[in-house]
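Student: Sequence and predicted structure below; questions after.
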Amino acid sequence: MKKYGGYIIAALWFLLGAIALSAFLSVMKGNINPFKIRKAEWGLENTMIETYSAESVKMINAALITERLVIEGAERNDIQVTIATKLSGGAEPKVSLSNGVLHVDQQKSFNFSFGFSNGYVEILIPYSMMKDSSFEIDASSVSGSLSLKNITAGNIDISSTSGSVRAENLNADNIEARSVSGSVKVETSQCTEADIGSTSGSVLFSGRTDELSLTSTSGSVKAYLDAMLKKDSRFKSMSGSVRVTLPDNEGFTMKYSSMSGSVSNRFTGLRAEKSGTNTYKNGGITLTLESMSGSVSID
């Protein structure tokens, strides 16, 4: 028992030493200053709210490290940015306005949070300002999730490295949504072109678009379309299933490939394997469905 007790004590001392060292390094780098008083605009629970005139903003540009990001349309006259975070000493997100671009930035910083935080940034955008087709959103987070809802814009570009990406009721010319290790869902949305992908997560799109690209390395790919696509589109997964649901239409060409999964097309009654081409009615646009080991289907 004494032997194991010595190991436990040594481990505790090692942990305390690591925490002390991280604190010392953070102080030296300026990330933690025990004598610094938090700015007046921050609330008691590390919450800050700022508002901006809708007429002064043409673009939202947000680049976060640890915090999750929420952007939503709202019945209001100005833009409201709320930041709630456990970080301090320069690691918390900051807001600024320059040349019509509302910036929300967060610098990478090593402190007691060890790179993790349960905080968030919420941006509420008035519906009135989204009538301008030149309005754009470019938003990303390294480890936090992204959520967009009820947004109209010319271009929407959203991404996360290790968090999920969720979007609902978007209306845009172009939508690009990506995640490296999280799932990506863009639902009940309408656009001219959508490019949605994930490396290891599932991908889903529902709504209307003229042209669509859905890709995933190891997750499933699903599309539920309320209107027929107008341009050639591609749906690909390396090891997940690929499923595309279409409304009644005037015809299309299905180009399919699956090494070990089944292939089906509800419109033609196709049941096949491997690779090939299948035409419905007189053909038309080409829909390419590919999976290395999963099934591919058009319903």
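Tutor: Structure received.
Student: can you give me the strands in the stretch 101-250 of the chain?
Tutor: Secondary structure of the stretch 101-250 of the chain (DSSP state E, counting those that start in this stretch): strands at 101-105, 120-126, 136-141, 146-160, 165-179, 184-198, 203-216, 221-225, 233-237, 242-245.
Student: Save those as TSV, and put in distance to Q80 too.
Tutor: The C-beta positions use only the backbone N, C-alpha and C, and glycine is treated the same way. Shown next, in TSV, are those (distance: least, CB to CB, whole Å):
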stretch	distance to Q80
strand 101-105	11
strand 120-126	4
strand 136-141	16
strand 146-160	15
strand 165-179	19
strand 184-198	23
strand 203-216	27
strand 221-225	33
strand 233-237	37
strand 242-245	38
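Student: List the beta-bridge partners for S233.
Tutor: L287 (DSSP bridges).
Student: circling back: mean pLDDT added to the strands of the stretch 101-250 of the chain, as a markdown table?
Tutor: Below are the strands of the stretch 101-250 of the chain laid out as a markdown table (pLDDT from 0 to 100):
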| stretch | mean pLDDT |
| --- | --- |
| strand 101-105 | 96 |
| strand 120-126 | 96 |
| strand 136-141 | 96 |
| strand 146-160 | 97 |
| strand 165-179 | 97 |
| strand 184-198 | 98 |
| strand 203-216 | 98 |
| strand 221-225 | 98 |
| strand 233-237 | 97 |
| strand 242-245 | 98 |
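Student: Mean neighbour count added to those, as a markdown table?
Tutor: As requested, these are exported to a markdown table (neighbours: other CB atoms under 10 Å):
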| stretch | mean neighbour count |
| --- | --- |
| strand 101-105 | 17 |
| strand 120-126 | 20 |
| strand 136-141 | 21 |
| strand 146-160 | 22 |
| strand 165-179 | 22 |
| strand 184-198 | 21 |
| strand 203-216 | 22 |
| strand 221-225 | 22 |
| strand 233-237 | 23 |
| strand 242-245 | 22 |
